[in-house]
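J.: for reference, the sequence and a predicted model appear below.
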Amino acid sequence: SNAPHLILSSYIDLNRPFQAIEILHKMRDVGISPPLLSLNRLLESLVSQRRYKDALDLFSEIQNWGGVSLDKFTYNKAVQSAVKLGDLEMAVRLKNSMEGNRMKPDSFTYSVLMSGFCKERRLDDARKLFDEMPEKRVARNQVAYNTMIDGLCKAGDLEGAFSVREQMLEAGVKPNLVTYNTVIGGLCRAGRVEEAKVVLEEMKEQGLAPDGYTCSILFDGYSRLGDSDALVGFFEETME
RNA sequence: GCUUACUUCACCAU
């Protein structure tokens, strides 16, 4: 029967993950084990409500049950929670235990970790993971590249960011809207707004339409420069 | 199989 799953899912859909956890415990007490999908959805719900500690607690509880084999998604939610709590060493341990359990970390695992390291200004560690991906035969996707490019931009290493974008092109991974916004943002932050506009044009040539992010990034770029004329000019251009 | 990650600013933290 999938009644356990339906019950838990309903609570999760109502944004009541803590009640779902109580019910989960009652189910366990009477020998009912909901499917892994329910548990994964519960973890995801906790994470989306920023209850990272609770997510990790639930993760280790499930781990201790035995008999339930966790999957990549389950581990990824634990890695993500540890990263959000700023406990990167734990996040890495979780990634390693994933490998120890014959599960291959995927691009999600890597991107979440890389983004955590970048935010902690540990670019070298992020880069190590980025380099590790091909070694471990994990395909780098757009998010993985975007994460690394953003980290480098924010660290002020624009040349490094450009070279990763080159790698991306060489690997045949198509830059997307986020890639462009990230590069445009990096240039704006460095005060190189004219170059950012060149990239904007390039983006349009690729058939990508600028979105709300693109506009605020450029507006912020101009206001950072204190160039009111250019800002007004850009505004009017945009309004056409 | 299904469900998760990346980009602006502010806030918060620092």
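T.: On my side now, so go ahead. Numbering: from 1, shown residues only, chains lettered A, B, ... in the order given.
J.: could you use CA atoms for every contact and neighbour count after this?
T.: Noted.
J.: ok, which residues in chain A are in contact with RNA strand B?
T.: Residues of chain A found near RNA strand B (C-alpha under 7 Å from any atom of the strand) are A:37, A:40-41, A:44, A:72-73, A:76-77, A:107-109, A:111-112, A:115, A:141-144, A:146-147, A:150, A:177-179, A:181-182, A:185, A:189, A:213-214, A:216-217, A:220.
J.: check which helix or strand the residue in chain A positioned nearest to RNA strand B maps to.
T.: Residue nearest to RNA strand B within chain A: A:Phe108 (3.3 Å; C-alpha to the nearest atom of the strand). Using DSSP states H and E, A:Phe108 sits within helix A:107-119.
J.: which strands and helices lie in contact with that helix?
T.: With contacts defined as 3 or more C-alpha pairs under 8 Å, 6 or more residues apart in numbering; DSSP states H and E, helix A:107-119 has these neighbours: helix A:72-84, helix A:88-100, helix A:123-135, helix A:142-154.
J.: format those helices as TSV; extra columns: mean neighbour count and mean pLDDT.
T.: Shown next, in TSV, are the helices and strands packed on helix A:107-119 (neighbours: other C-alpha atoms under 10 Å; pLDDT from 0 to 100):
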stretch	mean neighbour count	mean pLDDT
helix A:72-84	24	97
helix A:88-100	17	96
helix A:123-135	16	97
helix A:142-154	23	98
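J.: list the buried ones in the helix or strand that contains A:Ser60?
T.: Assigning secondary structure by DSSP H and E places A:Ser60 in helix A:52-65. For helix A:52-65, burial by neighbour count (16 or more other C-alpha atoms under 10 Å) applies to A:52-53, A:55-56, A:58-59, A:62.
J.: pull out the buried residues from stretch A:11-29.
T.: A:11-12, A:15-17, A:20-21, A:23-24.
J.: restricted to helices, list the residues you listed.
T.: Among those, the members falling in helices are A:11-12, A:17, A:20-21, A:23-24 (criterion: DSSP state H).
J.: could I get these as TSV with distance to A:Asp227?
T.: Below are those laid out as TSV (distance: C-alpha to C-alpha, whole Å):
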residue	distance to A:Asp227
A:Tyr11	51
A:Ile12	48
A:Pro17	48
A:Ala20	53
A:Ile21	54
A:Ile23	58
A:Leu24	58
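J.: which one of these is nearest to A:Arg122?
T.: Here the nearest of those to A:Arg122, counting by C-alpha to C-alpha, is A:Pro17; it sits at 33.4 Å.
J.: wait, isn't the closest one in contact with A:Tyr11?
T.: Yes: using C-alpha atoms under 8 Å, A:Pro17 is in contact with A:Tyr11, at 6.4 Å.
J.: neighbours around A:Val112, how many?
T.: Counted with other C-alpha atoms under 10 Å, residues neighbouring A:Val112 total 23.
J.: tell me who's in contact with it.
T.: A:79-80, A:83 (C-alpha atoms under 8 Å, 6 or more residues apart in numbering).
J.: of those residues, closest to A:Ile7?
T.: Once C-alpha to C-alpha is applied, the member of those that ends up nearest A:Ile7 is A:Gln80, at 25.8 Å.
J.: quick check: that closest one touching A:Ala91?
T.: Yes: the criterion here is C-alpha under 8 Å, and A:Gln80 meets it with A:Ala91 at 7.3 Å.
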